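Participant: after the sequence you'll find the predicted model.
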Amino acid sequence: MNDNIIQTEKLSFSIGSKLILNDIDFTIRKGSITGFFGPNGSGKTTLLKLLSGIIKDKSFSIKSDTELKQGFIFQMVEQNLIPWKNCINNILIPFESLNRNKIDFEDVAHELLNELGLEELCYRFPNEISGGQKQLISIIRWLVYPTDILFIDEGWSMLDIVQKERIHSLIKRINKENKTTILLVSHSIEDIAMICDTCFLLSNSPGEIIDKLELKDGFVANNELIWTKAKKIFPTITKGS
Amino acid sequence: MDKSKKNISYYNKGFLVIILFLLIWECVVRLNWINDLVLPLPSKIFYEGGNLLSNSKFYSNFFSTLTNWSVSFVIGMFLGLAIGFISGLNSKFEQLILPITAFFRSVPPIALFPVFLILIGPGKLPIIVAGILGVIIYVFPIAHQSAETIKNKYQDLGHILKLSKYDFIKKIILPGTLINSFVSSRIAASYLFAVCIGGEIIIGGRKGIGAAILEYSEKYQLEEAYFYILIAGLLGLTLDLVISKFQNSFSLKQ
């Protein structure tokens, strides 16, 4: 695999007779932050679930390092947190599931929450905190527990700009500190332009990769580049829309 | 405000209404608007009740009902949870069990007393069996639905955390199902209390609050019968308060 962590060849996937993804070929570099941008129904979530093995299908080939430690931030915020565990225990779930001593990492989680000004959430249950705070807690989990690859399925499109900025910086921090490869699907150009270094554009259903963009020139240039290329998918799109 | 304190405050307001009701009752009977042979004076009920309280038979009746309720509740909760939990996880078992539970849901356990009486004979046992059935009918669908929903909701997270099937059940599905079912146990507990009192009246056992109500009614000692009705209400209310306190500590985690 050399520097690549995932490589797909002719990945196609159908549910019943409906083709969801068609001939998807790409490689993902280790340590990169890759975005998949596409309209609703282009198969972005399905693609992440196939890559992570949540959906199993042997009709195509996905080459990846075996025994990758994976993390996943689900689109539905309720799927990320267990309601009967408080925030600190939700953060420490991966350690519990691996039967590892979570006490060693509890201090790390507390420090992190303190640093982010979220210490007061520690012993609150998910139904006592806001949607944005739930999203932050589910991201902090993968900062405390380092993974090789983290899949992010949208998740913060509804949040305000302050929360979004915090989440963007957390994602970058996970990537930098833990050397975690990040795969993000979104239909928000700003999210991708802000944190990704590569972006794949997906077409309308069935999803096909129609372009690969290298995002190296900062937010404004990246944003402009994606907007321009996104016209291939949404011909009538304008920046004000 | 703390939920349990709030609950007690609600009950306090309710007690004021009860006191007002008793005062009106006392006045209505004293003014002879209703004959005290039909509706005894509350003051007389409490006076006779005082005498009953000094008699060991009262405590025997009281604890007999409480025992019937407790045994039925614990066994019914356990069985309802177990059957609901397994059927929520296993579709084959679900197919087997759903028609039976749907059948019993439409037949109130009180209607089965005569059958249990013939099958098991008189005594506590038919009441306990009917009570267990009553609790199962309430707890089963909640446990079933909880197990099924939690399994579907968190199976992707379970995959990512690389949980084995056993760990996924033990660490995710089981605690969630238990919490959801306990939160819903209050209705089952109240219903069970009605089944126990009803059972003691219908089966005509020798012990229990229901049996005492029947006995004193037949002897036309209405003050004692009313006092036992009052005790039944207070006991039901106390059990409801205890369970609601448990509920509040769990409902946060829902």
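Facilitator: The structure has been received and is ready for your questions.
Participant: return the helix or strand in chain A with minimum mean pLDDT.
Facilitator: Using mean pLDDT, DSSP states H and E, strand A:61-64 stands out as the lowest-scoring helix or strand of chain A, at a mean of 64.
Participant: could you give me the buried positions within the lengthiest helix in chain A?
Facilitator: For chain A, the longest helix by residue count, based on DSSP state H, is helix A:161-177. By neighbour count with 16 or more other CB atoms under 10 Å in any protein chain shown, helix A:161-177 contains the buried residues A:163, A:164, A:166, A:167, A:168, A:170, A:171, A:174, A:175. The C-beta positions use only the backbone N, C-alpha and C, and glycine is treated the same way.
Participant: go on, stretch B:14-23?
Facilitator: For stretch B:14-23, by 16+ other CB under 10 Å, it's residue B:22.
Participant: could you tell me which residues of chain A lie near chain B?
Facilitator: A:49, A:52-54, A:70-72, A:74, A:78-80, A:82-85, A:93-94, A:96-98, A:125, A:127-128 (CB under 8 Å from any CB of the partner chain).
Participant: can I get the buried part of those as one ChimeraX selection?
Facilitator: Of those, the buried ones go into a single ChimeraX selection, burial set by 16+ other CB under 10 Å:
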select /A:49,52,54,70,71,72,74,79,80,82,83,84,85,93,94,96,97,125
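Participant: what about the residues of chain A next to chain B, which are in strands?
Facilitator: A:70, A:71, A:72 (DSSP state E).
Participant: and the residues you listed as a markdown table, adding pLDDT?
Facilitator: Putting those into a markdown table (pLDDT from 0 to 100) gives the following:
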| residue | pLDDT |
| --- | --- |
| A:70 | 86 |
| A:71 | 88 |
| A:72 | 89 |
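Participant: nearest to chain B among those?
Facilitator: residue A:72 (4.4 Å; CB to the nearest CB).
Participant: that closest one: what's it in contact with?
Facilitator: Residues in contact with residue A:72, defined by CB atoms under 8 Å, 6 or more residues apart in numbering or on different chains, are A:48, A:52, A:54, A:150, A:151, A:152, A:153, B:156, B:157, B:160.
Participant: tell me where chain A has helices.
Facilitator: Using DSSP H, helices in chain A cover A:44-52, A:77-80, A:87-91, A:93-97, A:103-115, A:131-144, A:161-177, A:189-195, A:218-230.
Participant: tell me which helix or strand the most centrally placed residue in chain B sits in.
Facilitator: For chain B, residue B:189 is the residue whose C-alpha lies nearest the centre (CA atoms, centre = their mean; 2.5 Å). Using DSSP states H and E, residue B:189 falls within helix B:185-203.
Participant: tell me the mean pLDDT over that helix?
Facilitator: Confidence for helix B:185-203, expressed as mean pLDDT, is 87.
Participant: which parts of that helix are buried?
Facilitator: Buried, per 16+ other CB under 10 Å, within helix B:185-203: B:185-186, B:188-203.
Participant: close to chain A, is that helix?
Facilitator: No. Using CB under 8 Å from any CB, helix B:185-203 stays clear of chain A, coming no nearer than 15.8 Å.
Participant: elements contacting that helix?
Facilitator: helix B:56-89, helix B:113-120, helix B:124-160, helix B:209-218, helix B:222-251 (3 or more CB pairs under 8 Å, 6 or more residues apart in numbering or on different chains; DSSP states H and E).
Participant: can you tell me which of those comes nearest to residue A:142?
Facilitator: helix B:124-160 (10.0 Å; CB to CB).
Participant: contact partners of the following helix or strand past that closest one?
Facilitator: Where DSSP H and E defines the elements, the next helix or strand beyond helix B:124-160 is helix B:165-168. Where contact means CB under 8 Å, 6+ apart, the residues beyond helix B:165-168 that reach it are A:97, B:154, B:155, B:158.
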